[in-house]
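S.K.: sequence and computational prediction follow.
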Amino acid sequence: MTDEEREGEGETRASIEPGSEDLPSSPSSSGYAAERGSTTATTDSQIEIHHDDDIEDDIAIEIDRISVSDSHSSWIPGKRHLDEDDASISWRKRKKHFFILSHSGKPIYSRYGDEHRLAGFSATLQAIISFVENGGDSVKLVRAGKHQVVFLVKGPIYLVCISSTDEPHESLREQLELIYGQMLVILTKSVNRCFEKNPKFDMTPLLGGTDIVFSSLIHSFSWNPAIFLHAYTCLPLAYATRQAAGAILQDIADSGVLFAILMCRHKIISLVGAQKASLHPDDMLLLANFVMSSESFRTSESFSPVCLPRYNPSAFVYAYIHYFDADTYLMLLTTSSDAFYHLKDCRIHIEMVLLKSSVLSDVQRSLLNGGMHVEDLPPIPCSGSSHLSQHMLPSDSPERFNEPNSSIGGPAGLWHFLYRSIFLDQYVSSEFSSSINTPQQQKRLYRAYQKLFASMHDRGIGPHKTQFRRDENYVLLCWVTQDFELYAAFDPLADKALAIETCNHICQWIKDVENEIFLLGASPFSW
Amino acid sequence: MATIGHNNLNAKLVLLGDMGAGKSSLVLRFVKGQFLEFQESTIGAAFFSQTLAVNDATVKFEIWDTAGQERYHSLAPMYYRGAAAAIIVYDITSSDSFTRAKKWVQELQKQGNPNMVMALAGNKADLEDKRKVTAEEARVYAEENGLFFMETSAKTAANVNDIFYEIAKRLPRAQPAQNPPGMVLVDRPAEGARAASCCS
Ligand SMILES: Nc1nc2c(ncn2[C@@H]2O[C@H](COP(=O)(O)OP(=O)(O)O)[C@@H](O)[C@H]2O)c(=O)[nH]1
Ligand SMILES: [Mg+2]
């Protein structure tokens, strides 16, 4: 992964003045701002408090001067910048902070810096939270200048995001939900009981060693479309190959396994569930993140308790996990804590079958070839014999219908698309064309899609059917029907009519290859 | 539980102790002969197997390297239940880890298999200058509690094979398997399909 944690270009500085004289005093002052002294030039920024109802509390909130710059280096797994604490300038410059803290203000997790060294800031957060509580359930978002502060209260556990990334607050809230879900994967909801016994309970030892799970999840907030689409994605494979994998998983699922999941990185090869058991795409995402983020699952086979928050947030199930190669891994979930040796035998059997039927080598080939390349979008009318691996066979490939563009993308200046099948709970994302091949460009497009998605699903504005947006970076086109959602990015100079026509072609293309890009007819989904 | 077949013994072994004491490093040294300066924290519970020849017999250890004992404390019995042996690991540079090790010993004495062979490993013995727990203190404690004690270093490999070897020698042999509750290992036939398994 070479993605960079770089947010935007140039140095933007935003500062938030703590309680100025025209605002009444805050409910509680941690003194955090006072320790700081004023080091940066500040502008008066207004603090908007969003209530669902009309509470007229005037409040000053000390979020302090969280300045912003793009000082990040390439993403490396694990907790970064452990040396930072809340007094260090670099810490305050981070563009997006995530915190988990307990009701009593004890830090549980912080994206940057060591939780315990952030105790002062945590007190500030707690002040904010007591204010949030006094405002009833209605306060979930505070705007302060360029910053949004989003809260999520889950019983004794509070989650906070402070961001100047300009993402929709709905998206930030969903990200907090996922962070909470990730915590449940590790601990289940029964952790709440610790707080009933002791409100000052220190949760950090319970999460010992799991920083990497959270930092990897947070990283995926800037590249993985499953985060906002709430859908799975499959590794493209020949229909017969996926069938072969599904058949062997089905065999062993019948022997008392709750879910049998074969994955390649974050993509599904096949998935089978016991009758009636359904696996939510968010659970899938959190489980895959849990397994993939840590080197320790690659070192040996393992059998560990995990919780699937959407399946049952209060109980552990047990996951047998085994990597067949660097990318491909098997997860067998069971409710029986004694099942290890049985599942180990199942895995040996599965492995034998997968090797014999060359599924594992097909998987590696697919990984190499990638999925749908916009350059391969076939001309319309489509023959129906379209095939994913076209780009591998240049001699076979039909004339591209807009030849001059093919070097920088697909027809009509198509750069990228995302297609989500509502019926299947699955999505497919095209490969990135060369016009968006840097991590920064990809992240920017990700954010643009995220925004578009939020606006399409904003209940206040009502459901949109289509949207067409042009800015200096792209033309973005979105089309939502009962069956699917399509998001496509074009060259900013693309012709509107051609772009719309191209979207129709994409949908046709997807129909033609749905056998290969989706898992069809599987039972475990909750349709 | 150790089970016997021909001259082969299958023995479930569990490592317990504080996070960071070096459990994973000891296993990795024993099973793969490796040491990583920046060993990543174990997230789940990892399973390894390794076979040792002891005198006239071979002992196949089925090793559970558990993680987050704090986190999964209530689930720990799932790993030590039926175990023939346990290595309780502490870090000689941390008194806290020694205290925690004693708690594990207590728990095993109460809940574990009464015939369990227990070893106390004072790991990171290479860090002599940072030592907080004397060998003498640990030895006395081990003697009082019927454990055997060694100081080990996963880094230098000192005493790592030895501690497993010593356990193998002490495993009860002729004793008929008195079925412990829960998971019972049967002496399974050699698994032909294991060729591609990661821990063969
Ligand atoms: N110097 C030294 N470091 C060690 C030794 N054993 C483990 N470590 C280090 O201690 C840290 C924690 O080890 P780990 O095996 O993950 O501990 P675990 O949490 O008990 O599994 C790692 O950074 C190891 O490199 C040792 O014998 N000597
Ligand atoms: Mg470990």
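M.R.: That came through fine. Ligands and ions are numbered 1, 2, ... in the order given.
S.K.: and the residue of the stretch 401-527 of chain A found nearest ligand 2, how many residues sit next to it?
M.R.: Here the stretch 401-527 of chain A gets closest to ligand 2 at one residue, residue A:439, 31.8 Å apart by Cβ to the ion. Every residue, glycine included, has its C-beta placed from N, CA and C. If you count neighbours by other Cβ atoms under 10 Å in any protein chain shown, residue A:439 ends up with 18.
S.K.: do residue B:155 as well
M.R.: With other Cβ under 10 Å as criterion, residue B:155 counts 18.
S.K.: measure it to ligand 1 for me?
M.R.: 4 Å (Cβ to the nearest ligand atom, to the nearest Å).
S.K.: before we move on, what about residue A:340?
M.R.: Look at residue A:340 and ligand 1: by Cβ to the nearest ligand atom, they are 20 Å apart.
S.K.: and the helices in chain B?
M.R.: Ranges of helices in chain B, per DSSP state H, are B:23-32, B:76-80, B:95-111, B:135-144, B:160-170.
S.K.: check these for me and report the most buried one.
M.R.: Across these, averaging neighbours per residue (mean count of other Cβ atoms under 10 Å in any protein chain shown) puts helix B:23-32 on top, at a mean of 23.
S.K.: tabulate the CA atom coordinates of that helix in PDB.
M.R.: Output in PDB follows, covering the C-alpha atoms of helix B:23-32 (Å, rounded to 0.1, in the frame of the first residue of the first chain):
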ATOM      1  CA  LYS B  23       5.600 -15.400  24.200                       C
ATOM      2  CA  SER B  24       5.400 -15.000  20.500                       C
ATOM      3  CA  SER B  25       9.100 -14.500  20.200                       C
ATOM      4  CA  LEU B  26       9.800 -17.700  22.200                       C
ATOM      5  CA  VAL B  27       7.500 -19.700  19.900                       C
ATOM      6  CA  LEU B  28       8.900 -18.200  16.800                       C
ATOM      7  CA  ARG B  29      12.400 -19.000  18.000                       C
ATOM      8  CA  PHE B  30      11.400 -22.600  18.900                       C
ATOM      9  CA  VAL B  31       9.300 -23.300  15.800                       C
ATOM     10  CA  LYS B  32      11.100 -21.300  13.100                       C
END
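S.K.: show me what it is packed up against.
M.R.: Secondary-structure packing of helix B:23-32 (3 or more Cβ pairs under 8 Å, 6 or more residues apart in numbering or on different chains; DSSP states H and E): helix A:296-299, strand B:8-17, strand B:46-54, strand B:57-65, strand B:85-91, strand B:117-123, helix B:160-170.
S.K.: with distance to residue A:226 as new columns, can those be given to me in CSV?
M.R.: As requested, these are arranged in CSV below (distance: least, Cβ to Cβ, whole Å):
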stretch, distance to residue A:226
helix A:296-299, 20
strand B:8-17, 36
strand B:46-54, 27
strand B:57-65, 31
strand B:85-91, 39
strand B:117-123, 41
helix B:160-170, 43
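S.K.: can you tell which of those is closest to residue A:421?
M.R.: helix A:296-299 (29.9 Å; Cβ to Cβ).
S.K.: stretch A:293-307 vs ligand 2: in contact?
M.R.: No: shown here: stretch A:293-307 not in contact with ligand 2 (Cβ under 5 Å from the ion), separated by at least 7.0 Å.
S.K.: in TSV: the helices and strands packed on helix B:23-32, plus distance to ligand 1 and mean pLDDT.
M.R.: Formatted as TSV, the helices and strands packed on helix B:23-32 follow (distance: least, Cβ to the nearest ligand atom, whole Å; pLDDT from 0 to 100):
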stretch	distance to ligand 1	mean pLDDT
helix A:296-299	9	90
strand B:8-17	6	93
strand B:46-54	9	94
strand B:57-65	7	95
strand B:85-91	6	97
strand B:117-123	5	98
helix B:160-170	9	96
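S.K.: so for stretch A:513-527, what's the average pLDDT?
M.R.: Averaging pLDDT along stretch A:513-527 gives 73.
S.K.: likewise for stretch A:222-242?
M.R.: The average pLDDT for stretch A:222-242 rounds to 96.
S.K.: backbone phi and psi for residue A:110, please?
M.R.: phi -140, psi 140 (degrees, to the nearest 10).
S.K.: that one pairs with what?
M.R.: Residues in a beta bridge with residue A:110, per DSSP bridges, are residue A:99.
S.K.: repeat for residue A:272
M.R.: Beta-bridge partners of residue A:272, as defined by DSSP bridges: residue A:260.
S.K.: residue A:317 too?
M.R.: Applying DSSP bridges, one finds that residue A:317 bridges with residue A:306.
S.K.: count the neighbours of residue A:434 for me.
M.R.: 10.
S.K.: ok, it touching residue A:416?
M.R.: No: here residue A:434 does not reach residue A:416: they are 11.0 Å apart, not a contact under Cβ atoms under 8 Å.
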